[in-house]
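In: predicted model and sequence below, questions to follow.
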Amino acid sequence: MRDTAVRMVTKPNNNSELKRRLIKNRALYLMILPGFLFFIIFKYIPMGGLVIALQDYQPYLGIRNSPWVGFEHFDRLFSEPMFLTILRNTLLLFFMNMLFYFPVPILLALMLNEVSRGRFKRFIQTLVYIPHFMSWVIIVSISFVMLSMDRGIINELLVMMGFEKINFLMSNEWFRPMYILQIIWREAGWGTIIYLAAMAAIDPGLYEAARMDGASRFRQIWHITLPCIRSVIVVLLILKIGDVLELGFEHIYLLLNSMNREVAEIFDTYVYTAGLRQGQFSYSTAVGFFKSVVGLILVMSVNKLAKKVGEEGIY
Amino acid sequence: MAKKKASTLLAIMTAVAVLTGCGSNESGATNSPSPSNASSSSAKPSETQAAVKTEPFKLTIMANLHTPEVPSDKIEKLLEAATNTELEFQWVPDGTYDEKMNASFATGTLPQAVYVKNQASLIMLRDAIRNEQFWEIGPLLSSYPNLNKLNPEVLKNTSVDGKIYSLYQERPLSRQGIVYRKDWAEKLGLKEPTTVDELYTMLKAFTEKDPDGNGKNDTIGLTDRSDLVYGAFKTISSWYGTPNGWGMQDGKLAPEFMFPAYIETMKYVKKLHQEGLINKDFPVTSKNDQQNLLITGKAGAYIGSMPDVKSLHTKVTEVNPNALLDVHNKITGPDGNFGIWSIPGYGSVVLFPKSAVKNEEELKNILSFYDKLMSPELSNLIYWGVEGEHYTMQDGKVLPTEDTNLTDRETKPYMSIQIGGISSIPGFYTAIDVLPAKAKAEELIIQNNDFLIHDPSAPLDSATYTQDGARLLEMIKDATYKFMLGNIDEAGFQAAVDAWLKQGGTKIIEEFNASYTAAK
């Protein structure tokens, strides 16, 4: 595989060679075509709409007639007093997500992998990934009911045990733990699926050999399971990074209120309140564009890092 | 060979993609029941001019739909016969109305008459209106007897730069008041509260004196939600004499939160919160949860829209058959005066895009359709339906049928195209209220009309406000909640106001004042 790839790269100008290859593999290329067109039509062509970030876009004038304003919207964003807070919140939540959420599915998968009884394992597995199918609205509502100051179960328990009530929902300190725990609760089980699949592919002979040498279970995990799924972990890490800056809106918007805005406002929620709700399409686009650039930089740097430590990366 | 095949395939696939793209657009766009879908989407001016005398005038209307399905064409047929028009409705689900309207606008496919959902949506169109995208109708209105009955004050609130572009649908100016457990109050020997202090006493008694008699300390006075406007806060602030949005201070317009009465209101709610007379989580409570506290007998009072008493009554008596709700409006502040904030008096409005209405002749035809629509007969028809089928008359009032499936299918959607309302259409029917508290609520709404606090900024304009107003207001909202929960003190609130001023508030004040002097 790698060989052919290298050869293609080294001979890009050889037209007849390329043509011959195209003809030879025409069935394969035809199969790629729909996917290729999908990306061109629905992902790349709409990107052209980004130009409205440089315009004062008015729906009735359209892209063609709206006046150009250069970098005015970016100026506005960078001079926004909340800008640094928003950037800090976005990045902080992102790093906390990486640090506290990302290892959880791996640990969970390792634990599940050690369960030998097939039926029990499948039962547990199903149980832990069911929350993934609940929408954020439901999860946040459940937490509201549990954490409420007015007869929320958790606060009632705290009072029974002689503690003070804690205002989880409306405090700066509790927002981040609440956010991370909710993500773990919803996504950890779902995240194990790919790891378990990767672990299933490990050659059992390796374990046998290790056992013969007297390796304990922990040794086996450390020296066999983890190294074998290392590349899967790296790929998922990179993909996850691309996701995190994208998918926070619904969850955070539901948790956001006047009391925790200082720590909870992120780019997505800001785009919504400052831009879209007031019909400022250009400004919203500019903010979204900036966020995407930050995301792209993160993905590229982690990818580079992955390659440095000898992994494949995603491109 | 293969290349050619591939390019043919590409062409086909692109065509398919484009077609499906258009197709789905289309189905989302026009859920029109009318068969003449293609031909009547925009009536040609020459055609209509020639045809208007004898043949029906073609009119396409885009309106929001509050029911899951498009209505049957029964009312439409009756309307067409009465107005000599050929109507086509583009019903768009209310939830996605703004999106659809913006998309049609951007692509130049708006029909001749376009409903705009509410004040917020109208403000977003201001720039477009100023850019001559819609017909100005102000000078024409006086030649239509029914349209001329529209309230000039409300029309002014819909105006842009002092010019009138739209017809409006009426909303009661102020429904605000208090809904409370009368049985609790009677048990504790309390009368309806007439001052904010009496209200405080009542809420305290509801909380501490075990009004439900179960021996447990498990009730609170007031139930509120995360809404500073339609929740309790703004109504209490009116009782304290705070202006509505903007008010006059030293001869200049200033925002409500720069008035001492606003601070007093915050202190009042803070006291309620500190003493546990209001639900602790009110800044994050949904309307549903708020109402549930009242319904389940946990809370004794609800400040907001008085007509809510009808649905609250149904639910509260399901839980506790002995519960009795009552409504009340007149509560005075420390200065002894009663006032209540009012909305600008309109709900949705209808605009006439120049892209679809080609000349003044056509505009006049449309306006005369709306003039007829505002006649008592037709407005009763679109609001209540057909007598004997959708309602019966009792003592000159309407008793709607209980078959809501029937009304949802045949009449309810047409309510959203009504222009004017009870106060601008003499002879418009009202419904019989079986529930005494609901009937009282309706009376109190009319009584509120004598004590209204208007928002002077409604017809005014400020570019900074349009661009940044909502986000800046969010800062004040945050600070207000923080003050009421005791997270910040008066100095902290003042700091938030200063930040508001610095980040654009000063400009907003200047612009509104300039707009105010210009409008005078």
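Out: Structure's in. What do you need?
In: low-confidence stretches in the chain?
Out: Let's take chain A. A:1-14, A:244-247 (pLDDT under 70).
In: I was after chain B.
Out: For chain B (pLDDT under 70), the answer is B:1-54.
In: swap the cut-off to 80 and go again
Out: B:1-55, B:95, B:106, B:404, B:466-467, B:519-520 (pLDDT under 80).
In: which residues of it lie near chain A?
Out: B:2, B:6, B:9-10, B:13-14, B:17, B:102, B:105-106, B:108, B:124, B:127-128, B:131, B:133, B:220, B:226, B:279-281, B:283-284, B:293, B:466-471, B:474, B:477-478, B:480-482, B:485, B:487, B:499, B:503 (CB under 8 Å from any CB of the partner chain). Where C-beta positions appear, they are placed from N, C-alpha and C, glycine not excepted.
In: list only buried entries from the residues you listed.
Out: Neighbour counting over those (16 or more other CB atoms under 10 Å in any protein chain shown) leaves B:102, B:105-106, B:124, B:127-128, B:133, B:220, B:226, B:279-281, B:283-284, B:293, B:466-471, B:474, B:477-478, B:480-482, B:485, B:487, B:503 as the buried ones.
In: one step back: in strands, which of the residues of chain B next to chain A fall?
Out: Those of those mapping onto strands are residue B:220, per DSSP state E.
In: spatially central residue in chain A, please.
Out: Nearest to the mean C-alpha position of chain A, by CA atoms, centre = their mean, lies residue A:243 at 2.6 Å.
In: where does that one land in three-state SS?
Out: Secondary structure, DSSP: H, G, I helix; E, B strand; the rest coil: residue A:243 is helix.
In: need the contact list for residue B:348.
Out: Counting by CB atoms under 8 Å, 6 or more residues apart in numbering or on different chains, residue B:348 touches B:64, B:115, B:116, B:117, B:118, B:168, B:169, B:416.
In: give me the number of residues near the closest residue to residue A:50 other than its chain neighbours?
Out: Setting aside the residues directly before and after it, residue A:50 is nearest to residue A:289 in space (CB to CB, 6 or more residues apart in numbering or on different chains), at 5.9 Å. When counting by other CB atoms under 10 Å in any protein chain shown, one arrives at 16 neighbours for residue A:289.
In: ok, now residue B:252?
Out: By other CB under 10 Å, the residues close to residue B:252 number 14.
In: surely residue B:357 touches residue B:367?
Out: No: contact criterion CB atoms under 8 Å: residue B:357 and residue B:367 do not qualify, at 10.1 Å.
In: between the two, which is the more surrounded one?
Out: residue B:357 (25 against 21).
In: gap between the more buried one and chain A?
Out: Residue B:357 is 15 Å from chain A, where distance means CB to the nearest CB, to the nearest Å.
In: assign that residue to helix, strand or coil.
Out: Relying on three-state DSSP, one would call residue B:357 coil.
In: which ones are touching it?
Out: Going by CB under 8 Å, 6+ apart, the list of residues near residue B:357 reads B:112, B:135, B:363, B:366.
In: all helices for the stretch 151-300 of chain B, in order.
Out: B:152-158, B:182-187, B:196-208, B:232-239, B:260-274, B:287-295 (DSSP state H, counting those that start in this stretch).
In: list the contacts for the residue most central in space within chain B?
Out: Residue closest to the average C-alpha location in chain B (CA atoms, centre = their mean): residue B:347, at 4.5 Å. Residues counted as contacts of residue B:347 (CB under 8 Å, 6+ apart) are B:118, B:168, B:169, B:170, B:171.
In: could you check which helix or strand contains residue A:313?
Out: Using DSSP states H and E, residue A:313 maps to neither a helix nor a strand.
In: enumerate the residues of the stretch 1-150 of chain A near chain B.
Out: Checking the stretch 1-150 of chain A against chain B by CB under 8 Å from any CB, the hits are A:22-23, A:26, A:29-30, A:33-34, A:37, A:41, A:58-60, A:62, A:81, A:144, A:148-150.
In: what do you get if the cut-off is 10 Å, keeping everything else the same?
Out: With the criterion set to CB under 10 Å from any CB of the partner chain, the stretch 1-150 of chain A comes near chain B through A:19, A:22-23, A:26, A:29-30, A:33-34, A:36-38, A:40-42, A:56-63, A:76, A:80-82, A:141, A:144-145, A:147-150.
In: filter these down to the buried ones and hand me the PyMOL line.
Out: The PyMOL selection below is limited to those of these classed as buried (16+ other CB under 10 Å):
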select buried, chain A and resi 37+56+57+58+59+60+61+76+80+82+144+147+148+149+150
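In: among the residues of the stretch 1-150 of chain A next to chain B, which are in helices?
Out: A:19, A:22-23, A:26, A:29-30, A:33-34, A:36-38, A:62-63, A:76, A:141, A:144-145, A:147 (DSSP state H).
In: so how far is residue B:179 from residue B:111?
Out: 41 Å (CB to CB, to the nearest Å).
In: and those two? Which one has more around it.
Out: The neighbour count for residue B:111 versus residue B:179, taken as other CB under 10 Å, is higher for residue B:179 (27 against 24).
In: helix, strand or coil for the residue nearest to the more buried one when sequence neighbours are not counted?
Out: Leaving aside its chain neighbours, residue B:179 sits nearest to residue B:302 (4.4 Å; criterion: CB to CB, 6+ apart). Under three-state DSSP, residue B:302 falls in the strand class.
In: quick one: residue B:302 and residue B:326 touch, right?
Out: No: counting by CB atoms under 10 Å, residue B:302 does not reach residue B:326; the two are 11.2 Å apart.
In: more neighbours: these two, which one.
Out: The neighbour count for residue B:302 versus residue B:326, taken as other CB under 10 Å, is higher for residue B:302 (28 against 19).
In: beta partners of the more buried one?
Out: With DSSP bridges as the criterion, residue B:302 is bridged to residue B:179, residue B:223.
In: ok, it - contacts?
Out: Counting by CB atoms under 10 Å, 6 or more residues apart in numbering or on different chains, residue B:302 touches B:177-181, B:222-225, B:231-232, B:290-291, B:293-295, B:308-309, B:312, B:325, B:327.
In: for residue B:484, same thing?
Out: Counted by CB under 10 Å, 6+ apart, residue B:484 has contacts A:258, B:228, B:233, B:265-274, B:278, B:282-283, B:493.
In: which among those residues count as buried?
Out: Buried among those (16+ other CB under 10 Å): A:258, B:228, B:233, B:265-266, B:268-269, B:272-273, B:278, B:282-283, B:493.
In: distance check, residue A:108 against chain B.
Out: 31 Å.
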